[in-house]
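*Asks:* A predicted structure for the sequence below; I have some questions about it.
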Amino acid sequence: MYLYDPIDREFLIDRSNEFRHQVARRLAGELTEDQFKPLRLMNGLYLQLHAYMLRIAIPYGSLNARQARRLAWIARTYDKGYGHFTTRQNIQFNWIKLKDAPDILDALAEVDLHAIQTSGNCIRNVTADPYAGATAEEIDDPRVWSEVLRQWSTLHPEFSFLPRKFKIAITGALTDRAAVKVHDIGLILRKGRDGAIGFEVIVGGGQGRTPYVGPTIRSYLPAEHLLSYVEAILRVYNRHGRRDNIYKARIKILVAALGAEEFARQVEEEWGKIDHARANLPASELARVRAAFAQTRFEALPAVSDAFETARAASPALQRFVRNNVKPHKQPGYAIVEVSLKAIGQTPGDATAEQLEVVADLAERYSLDDLRVTHAQNLVLPHVRLDDLPAVHAALEAAGLATANIDLASDIIACPGLDYCALANARAIPIAQDIARKFADPDRAEKVGELKIKISGCINACGHHHVAHIGILGVDKKGEEFYQLSLGGSGAEDASIGRILGPGLSADKVAPAIDALVDRYLDIRAGDERFLDTYRRVGLEPFKEAVYAQAD
Amino acid sequence: MPKLIKLAGDTAQWAEDIFVHVGDDDALPEGDVILSLARFQAEGEILLSNSRRVGVRIEPDQEVEALAYDLPRLSVVALAFPKYRDGRAYTSARLLRERLGFTGEVRAVGDVLQEQAGFMVRCGFDAFEPNDGATPEVWTKAAHRYRHVYQRAADDRPVAFEERAV
């Protein structure tokens, strides 16, 4: 992992002092709320329905045990004993007092954490594949490039007042676990013909009220040019992105208005004028960052673990857990373990202080002090020895964290919705809980297989409903919460935007409708195709009929 | 009329503003003036030839490249912040300094707050008309709140990776 040096640490202390000064100015009335708002937002502090919400950055979703324990301490000390992991691999606390916020930032800085640029019209926390450094599919470690971008984008003097927020995601694997095609910039590491490393550059994807799968504007950018090229993209956007209408201010609107080809031409033209030697990172610094991630000390282990095989043979629960939550590791004798934060009936993505501490202990003891957050709002222990899998599973089970449902129907992404959020039109959490209960029988859930259900409480689409196999959007219809279903979206490497199924449903009709969709899928699926594949083969009609015929 | 703060080295100081901001419909006063781009394009040639100092005010939707030819003769480029959330002038300032080689005064006008001081100085601004009552002492402190920076810009501060390499 990348460890902060004295420069990184002093930077966080300066940041914390600056924010303390700004909060004091606000509390003294020297700043109006209007003037204070962009400042607090650049420190991740939102004003929600009931309290301030503080969003803490987890750069590329990577934590060590000490950091996770500090998050648990904050949950207990300043919040109601839990935190909420977000689709951008961050954590947010929903019950924060303004006067406490500077102390929280100090406590975070002590463990090299911060809330810089987790909000506001700036370059947000860079996200990456949560299996980085662990999966065998990887062309290069995306954390290296995420850290390079983290530093470069931190308090960038030119790009801190963009037309709108700006999100970058990176994957080094062909299986896309970072939703790179629905980000402002998505980067896919590619190997060039000469064997060198580069990026496919995707710009202008996004969700919200106008969802787009982003077009590729450059199929191969030599990796060492990343910063100059991103600078060119940001400069074109900063100058020409719309500022007259908040709903048309994201880069996707600019890219769509110009057309990907013309946008790419403008970026290339700007890139040609940039002094690359000055804008790109020197090779020595890149090597320093790379070395930090190359230090994972794996043991030489046999590919098969007798201890694990014996335990697995004796435990159907462990078998199920392995089938759904354990993924292959690049290193023989190791596995990637997903920790579901989607226990049936739980709020998706929430973790209690106690659970955070359990996972921190497991990360420290069994996963080389490495813990990840996924964009699907789960956690990952990336480097678990097969020998230790039974012990890890038992510890997770004891903490209510062993739900074996990764990518199954009850592994639902949901935004906080009307239970917390000032923007929401409808609740998302109770809908997720209703649906999860329908798939509480793990045999049924496994029979259905991969099914990504995602719920947003409003058109801003924080719950990623556009890119769900089954998406659910909460809308307000004359004061009543209604839910619009869409099918066929994907945020993965086969990205697509879902299509609306039909008229909205009242809250109590949503879970039965999901049931009907799944039953229809089980009736008509061919071989072992996923729900998404069946939809893509047969289209909307059979599913429409399944949901709406019963209402006639 | 807001007071003018100018940078002398790392320190911000009060400065006498010898320039008059002239609106497009205003009568032209004696002395040194700052004009809109449109008025400069119409009348600049004459003004420059009668030994006045001339500055141009650039709005965020105007491109500083339009001044490329005239920059050596301009004393001031004033970059407007109609709202302080509008960040286009930061790009304009960097382009003036880094791409167009402008060495005259780059002045921030409009909604100019001490919270922007660090960003502005790094992008090449060296004169400021703060509208939040900030004094030079406040401005200096705000501009140097961070001991380290992570990226190259128009200033010559060593970047974190350069500090590390020492």
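*Replies:* Alright, I've got the coordinates.

*Asks:* what sits up against stretch B:58-67?
*Replies:* Contact with stretch B:58-67 is made by A:239, A:243, B:36-37, B:56, B:74, B:77-82, B:86, B:88-89, B:92, B:95-96, B:100, as judged by Cβ atoms under 8 Å, 6 or more residues apart in numbering or on different chains. Bear in mind the C-beta positions are built from the backbone N, C-alpha and C, glycine included.

*Asks:* for stretch A:430-439, same thing?
*Replies:* A:342, A:344-348, A:405, A:408-410, A:412, A:414, A:419, A:445, A:448, A:453, A:455, A:472, A:474, A:483, A:507, A:510-511, A:514-515.

*Asks:* Equivalent analysis for stretch A:230-244, please.
*Replies:* By Cβ under 8 Å, 6+ apart, the list of residues contacting stretch A:230-244 from outside reads A:123, A:149, A:152, A:158-159, A:162-164, A:166, A:168, A:185, A:201, A:203, A:248-251, A:253-254, A:263, A:266-268, A:270-271, A:274, A:279, B:60, B:63, B:86-88, B:90-91.

*Asks:* Just the buried ones from those?
*Replies:* Among the contacts of stretch A:230-244, the ones that count as buried by 16 or more other Cβ atoms under 10 Å in any protein chain shown are A:123, A:149, A:152, A:158-159, A:162-164, A:166, A:168, A:185, A:201, A:203, A:248-251, A:253-254, A:263, A:266-267, A:270-271, A:274, A:279, B:60, B:86-88, B:90-91.

*Asks:* ok, which stretches of chain B are strands?
*Replies:* Secondary structure of chain B by DSSP state E: the strands cover B:4-8, B:11-15, B:19-21, B:32-36, B:54-58, B:76-81, B:105-110, B:127-128.

*Asks:* Quick check: neighbours of the third one in the sheet, parallel or antiparallel?
*Replies:* Think strand B:19-21. As defined by DSSP bridges, the strand partners of strand B:19-21 come to strand B:32-36 (parallel).

*Asks:* next one: the fifth one
*Replies:* Paired neighbours of strand B:54-58 in the sheet (DSSP bridges): strand B:32-36 (parallel), strand B:76-81 (parallel).

*Asks:* Give me the mean pLDDT for the last one.
*Replies:* When pLDDT is averaged along strand B:76-81, the result is 98.

*Asks:* Next, the angle strand B:105-110 makes with it.
*Replies:* Following axes from the mean of the first three to the mean of the last three Cα atoms, to 10 degrees, one obtains 30 degrees for the angle between strand B:76-81 and strand B:105-110.

*Asks:* before we move on, the earlier item: can you tell which of the strands paired with strand B:54-58 is closest to residue B:45?
*Replies:* Closest of the strands paired with strand B:54-58 to residue B:45 is strand B:32-36, at 11.9 Å (criterion: Cβ to Cβ).

*Asks:* what does that closest one rub up against?
*Replies:* In contact with strand B:32-36 (Cβ under 8 Å, 6+ apart) are residues B:18-24, B:43-44, B:47, B:52-57, B:59, B:75-76, B:78.

*Asks:* mind checking the backbone torsions on residue A:335?
*Replies:* Backbone geometry at residue A:335, expressed as degrees, to the nearest 10, gives phi -140, psi 160.

*Asks:* What is the neighbour count of residue 99?
*Replies:* Since you didn't name a chain, this refers to chain A. 11 (other Cβ atoms under 10 Å in any protein chain shown).

*Asks:* not quite, I wanted chain B
*Replies:* 15.

*Asks:* so how many other residues sit close to the nearest residue to it once chain neighbours are set aside?
*Replies:* Distances taken as Cβ to Cβ, 6 or more residues apart in numbering or on different chains place residue A:273 nearest to residue B:99, at 6.5 Å, with adjacent residues excluded. The number of residues packed near residue A:273 is 11, by other Cβ under 10 Å.

*Asks:* for residue A:310, same thing?
*Replies:* Neighbours around residue A:310, by other Cβ under 10 Å: 11.

*Asks:* Residue A:364 now?
*Replies:* Around residue A:364 there are 17 residues (other Cβ under 10 Å).

*Asks:* Equivalent analysis for residue A:397, please.
*Replies:* 15.

*Asks:* which SSE is it in?
*Replies:* helix A:389-398 (DSSP states H and E).

*Asks:* ok, and what's touching the helix or strand that comes right after that helix?
*Replies:* Remark: after helix A:389-398, the chain's next helix or strand is strand A:413-414, criterion DSSP H and E. Strand A:413-414 has contacts (Cβ under 8 Å, 6+ apart) with A:87, A:347-349, A:376-377, A:428-429, A:431-432, A:452-456, A:463-464, A:468.

*Asks:* Now, those that are in strands?
*Replies:* Per DSSP E, the contacts of strand A:413-414 map to strands at A:453, A:454, A:455, A:456.

*Asks:* about what we covered before: narrow the contacts of strand B:32-36 to those that are buried.
*Replies:* Looks like the contacts of strand B:32-36 have B:19-22, B:44, B:47, B:52-57, B:59, B:75-76, B:78 buried, using 16+ other Cβ under 10 Å.

*Asks:* Not counting its neighbours along the chain, what's nearest residue A:398?
*Replies:* Using Cβ to Cβ, 6+ apart, the nearest residue to residue A:398 is residue A:358, at 7.9 Å.

*Asks:* So what's the residue count around that neighbour?
*Replies:* Other residues within reach of residue A:358 by the criterion other Cβ under 10 Å amount to 21.

*Asks:* which parts of the host helix or strand of it are buried?
*Replies:* Following DSSP H and E, one finds residue A:358 within helix A:353-366. Neighbour-count burial for helix A:353-366, counted by 16+ other Cβ under 10 Å, picks out A:353, A:355, A:356, A:357, A:358, A:359, A:360, A:362, A:363, A:364, A:366.

*Asks:* Appreciated, that's everything.
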